[in-house]
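Colleague: next come a sequence and a model predicted from it.
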Amino acid sequence: MSFADGTYPAAGRAGPSRVPSVENPPPDRRDLLLDPLADPGGAALGASGAEASVDPRWPVLLRQRVAARAERSPRYRWWSLAALLAGLLSLNITFTVFVVALPTVRGDFHTNFSVLTWASTGPLLAFGVAAPFFGKAGDLFGHRRLYLFGLVGAMVSAVVTATAPDVGVLLVGRALDGVQGAATGTASMALILQLFDREERVKALGWWTLVGAGGPVLGVTLGSPVIQYLGWRDLFWGQLVLLVIAALVVALLLPSPRRAHVEQSVEASGALSRGSGRLARPDRNAWEGMDWVGSWSLAGTVTAAMLVLSIGPIDGWESIGVILCAASAVLLAGLFVWRELTFATPLIPTRYWRRRNFMFPLGMQGFSSFAYFGGFFLFPLLMEQVYGYSVSEVGFVSVARPLVFAISSPIAGYMAVRTGERSATVVGATAVLASMLVFATLGPTSGLGIMVLALALSGLGMGVALPSTASTMANQVDVAEYGVMSAAQLMATQVGEVAGIQVVLTLQESLARHAGLENVHHSTRLLHSFQVGFWVAAVMAAAGVACATFMRPLARGTRARVDAGAAG
């Protein structure tokens, strides 16, 4: 880009040079914001440098220059992806390792495990409440801003957890962790979808899935010694350091927010109007586009349903709490459907409900997550109570599942470019089904090798399927609604996860109690109760295969988005 008039006051001329504004640079120096190295003499920052040295906007200028240099790189998208994944890794590295610390936490706070289970359930419930809101908010006001907000929230959560004086404050800190998880989870996926075109985004989503599955594994590996030798509080102080570094990298590297500028349409059709997107700012009335009733009714539906699954096994399925929560879930679900059918800018536009490549990938994720996470929690009990393995042995063997999950995800993302997303999803869902069938047919003398095979099949299935389902759904929605799509699939996975854990564990415990074996350990007489649980998981996995089969193959070789009429 050339100067507008070919001239500019050089260093040393009389009078101080005017520092360009980042938001509205002078036309003759606009190129400096795109190429900060174009003025090595520093003329753009003042002739004498005195004015530039006290410019309060230097953090903005620094970020602008770093981002401009990064954007010129042909690998910019991948550098941005690395920054996003670094933030996610710093977030989820403590997700599973905190379970290891629960016995120590119980002793510190003189409480019981029934209370501390909310340290795991609380974040899930908070996620369910916050995800619809954050998905829509990211679409309205920018996913980069939302992602940074999530990182800051994670810092607060880490500090609250590390300094918790009692169990109540601890649970608040963990619930806040679920809220920021909803913000960063939806925003990170939406940013990836914006950075990569439809033919390559499945590769990026493979790496995204790797961090999601591999982060907890790395957390257990590195965090367990920290808990053992330093204490569980130091684990979160360490996480705080990682979060600060990740936030700085993201703030410097990512460009100005790529907003999906949406406005409340004043036309009779009430259709959603979208701006150009890249650097547009939200309209002052953008909040009018927020579907408040839809957001909170969907959040309430998910929360009430998860409460049914959480408190049902404890208080009984016929308790007043379970009945009230179930009734609330039904009523709120009806309110949500009515709202989406009648509101001008609904949370999840009803046109997507009729698209095969939106609803069937969503169903596949929910059903397969039911089987995967149900089996994930049932397997350690099977190993300990039936086959007599020690806790350390079970922990060592269990790593095979998330390890294969993490390794296969990026590979599957690259392979899906050749085979197609539908084929990858079918293969992945079938592998999850095969895993559940192997577990369900284990005998009293089954060896460790067949169990490791079943674990590997389960991890392989989810690692292969998830990048392709996310990519398929993204190709069905408008750019202005990536956040809503991300929230929808994360919620489907979450609901399947909670349902799978609670249903199969409750079923196994009920069958053991009915057979009078609730106090029996290290006995093959318990095998039948576990087999039934895995058979239920296999049925749900089969439903996931059916959903994958009904997905429509995506045409490749073009960057054009799937036509709305053909996507139905």
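Modeller: Ah, there it is.

Colleague: show me what the lengthiest helix in the chain is packed up against.
Modeller: Secondary structure of the chain per DSSP state H: the longest helix is helix 482-514. Packing partners of helix 482-514 (3 or more CB pairs under 8 Å, 6 or more residues apart in numbering; DSSP states H and E): helix 118-141, helix 143-162, helix 167-195, helix 292-315, helix 356-385, helix 448-474, helix 527-549. Placement of C-beta: from N, CA and C, glycine included.

Colleague: how does it look with 10 Å?
Modeller: helix 118-141, helix 143-162, helix 167-195, helix 292-315, helix 350-353, helix 356-385, helix 448-474, helix 527-549 (3 or more CB pairs under 10 Å, 6 or more residues apart in numbering; DSSP states H and E).

Colleague: now those as a markdown table including mean neighbour count, distance to residue 509 and mean pLDDT?
Modeller: Formatted as a markdown table, those follow (neighbours: other CB atoms under 10 Å; distance: least, CB to CB, whole Å; pLDDT from 0 to 100):
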| stretch | mean neighbour count | distance to residue 509 | mean pLDDT |
| --- | --- | --- | --- |
| helix 118-141 | 24 | 17 | 76 |
| helix 143-162 | 22 | 30 | 89 |
| helix 167-195 | 24 | 25 | 85 |
| helix 292-315 | 20 | 7 | 79 |
| helix 350-353 | 16 | 37 | 83 |
| helix 356-385 | 24 | 9 | 89 |
| helix 448-474 | 25 | 21 | 90 |
| helix 527-549 | 22 | 8 | 93 |
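
Colleague: could you dump the ones you listed into JSON lines and include distance to residue 87?
Modeller: Listed next are the helices and strands packed on helix 482-514 as JSON lines, based on distance: least, CB to CB, whole Å:
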{"stretch": "helix 118-141", "distance to residue 87": "15"}
{"stretch": "helix 143-162", "distance to residue 87": "6"}
{"stretch": "helix 167-195", "distance to residue 87": "7"}
{"stretch": "helix 292-315", "distance to residue 87": "24"}
{"stretch": "helix 350-353", "distance to residue 87": "28"}
{"stretch": "helix 356-385", "distance to residue 87": "23"}
{"stretch": "helix 448-474", "distance to residue 87": "18"}
{"stretch": "helix 527-549", "distance to residue 87": "30"}
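
Colleague: for residue 328, find the nearest of these.
Modeller: Counting by CB to CB, residue 328 lies closest to helix 292-315 out of the helices and strands packed on helix 482-514; the figure is 4.3 Å.

Colleague: residue ranges with poor pLDDT in the stretch 1-150 of the chain?
Modeller: By pLDDT under 70, the low-scoring segments of the stretch 1-150 of the chain are 1-73, 95-100, 102-103, 112-117, 120-121, 125, 128.

Colleague: apply 80 and report the result again.
Modeller: By pLDDT under 80, the weakly predicted segments of the stretch 1-150 of the chain are 1-76, 91-107, 110-129, 132, 136, 140-141.

Colleague: burial count for residue 326?
Modeller: 16 (other CB atoms under 10 Å).

Colleague: kindly apply the preceding question to residue 411 instead.
Modeller: 15.

Colleague: quick check: closest non-adjacent residue to it.
Modeller: residue 206 (7.2 Å; CB to CB, 6 or more residues apart in numbering).

Colleague: quick check, residue 207 in contact with residue 466.
Modeller: No. Taking contacts as CB atoms under 10 Å, residue 207 lies outside contact range of residue 466: 11.8 Å.

Colleague: shared neighbours of the two, which are they?
Modeller: By CB atoms under 10 Å, 6 or more residues apart in numbering, residue 207 and residue 466 have these common neighbours: 409, 413.

Colleague: I'd assumed residue 512 was in contact with residue 531.
Modeller: No. Between residue 531 and residue 512 there is no contact under CB under 10 Å: 11.9 Å.

Colleague: how many other residues sit next to residue 335?
Modeller: Residue 335 has 17 nearby residues by other CB under 10 Å.

Colleague: tell me the contacts of the residue nearest to it when sequence neighbours are not counted?
Modeller: Take residue 335 and drop its neighbours on the chain: the residue closest to it by CB to CB, 6+ apart is residue 297, 4.4 Å away. By CB under 10 Å, 6+ apart, the contact set of residue 297 is 132, 291, 331-340, 347.

Colleague: export the residues you listed to JSON lines and append columns for distance to residue 160.
Modeller: Compiled in JSON lines, those are given as follows (distance: CB to CB, whole Å):
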{"residue": "132", "distance to residue 160": "24"}
{"residue": "291", "distance to residue 160": "31"}
{"residue": "331", "distance to residue 160": "34"}
{"residue": "332", "distance to residue 160": "29"}
{"residue": "333", "distance to residue 160": "33"}
{"residue": "334", "distance to residue 160": "37"}
{"residue": "335", "distance to residue 160": "33"}
{"residue": "336", "distance to residue 160": "32"}
{"residue": "337", "distance to residue 160": "37"}
{"residue": "338", "distance to residue 160": "38"}
{"residue": "339", "distance to residue 160": "34"}
{"residue": "340", "distance to residue 160": "35"}
{"residue": "347", "distance to residue 160": "30"}
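
Colleague: specify the local secondary structure of residue 317.
Modeller: Look at residue 317: counting by DSSP: H, G, I helix; E, B strand; the rest coil, its state is coil.

Colleague: what does the average pLDDT come to for the helix or strand containing residue 424?
Modeller: Residue 424 is part of helix 421-440 when elements are defined by DSSP states H and E. Helix 421-440 comes out with an average pLDDT of 94.

Colleague: go through stretch 394-404 and flag the buried ones.
Modeller: Using 16 or more other CB atoms under 10 Å as the test for burial, stretch 394-404 gives 394, 397, 398, 400, 401, 402, 403, 404.

Colleague: pull the distance from it to the chain's centre.
Modeller: Distance of stretch 394-404 from the chain centroid (CA atoms, centre = their mean, to the nearest Å) equals 22 Å.

Colleague: still on that earlier bit, which of the buried residues of stretch 394-404 fall within helices?
Modeller: Reading helices off these with DSSP H, I get 394, 397, 398, 400, 401, 402, 403, 404.

Colleague: what sits against the nearest residue to the last one once chain neighbours are set aside?
Modeller: Taking CB to CB, 6+ apart as the measure, residue 404 lies nearest to residue 459, with 3.5 Å between them; neighbours along the chain are not counted. Taking CB under 10 Å, 6+ apart as the contact definition, residue 459 lies against 213, 372, 376, 399-409, 431-432, 435.

Colleague: what does residue 245 give?
Modeller: If you count contacts by CB under 10 Å, 6+ apart, then residue 245 has 86, 87, 90 around it.

Colleague: and the gap between residue 363 and residue 495?
Modeller: Note on residue 363: its distance to residue 495, by CB to CB, to the nearest Å, is 11 Å.

Colleague: so residue 501 touches residue 373, yeah?
Modeller: Yes. The criterion here is CB under 10 Å, and residue 501 meets it with residue 373 at 5.4 Å.

Colleague: quick one: residue 408 and residue 464 touch, right?
Modeller: Yes. Taking contacts as CB under 10 Å, residue 408 lies within contact range of residue 464: 5.8 Å.

Colleague: any common contacting residues for these two?
Modeller: With CB under 10 Å, 6+ apart as the test, residue 408 and residue 464 both reach 206, 209, 415, 428, 431.

Colleague: how many neighbours does the fourth one have?
Modeller: Residue 428: 28 surrounding residues under other CB under 10 Å.
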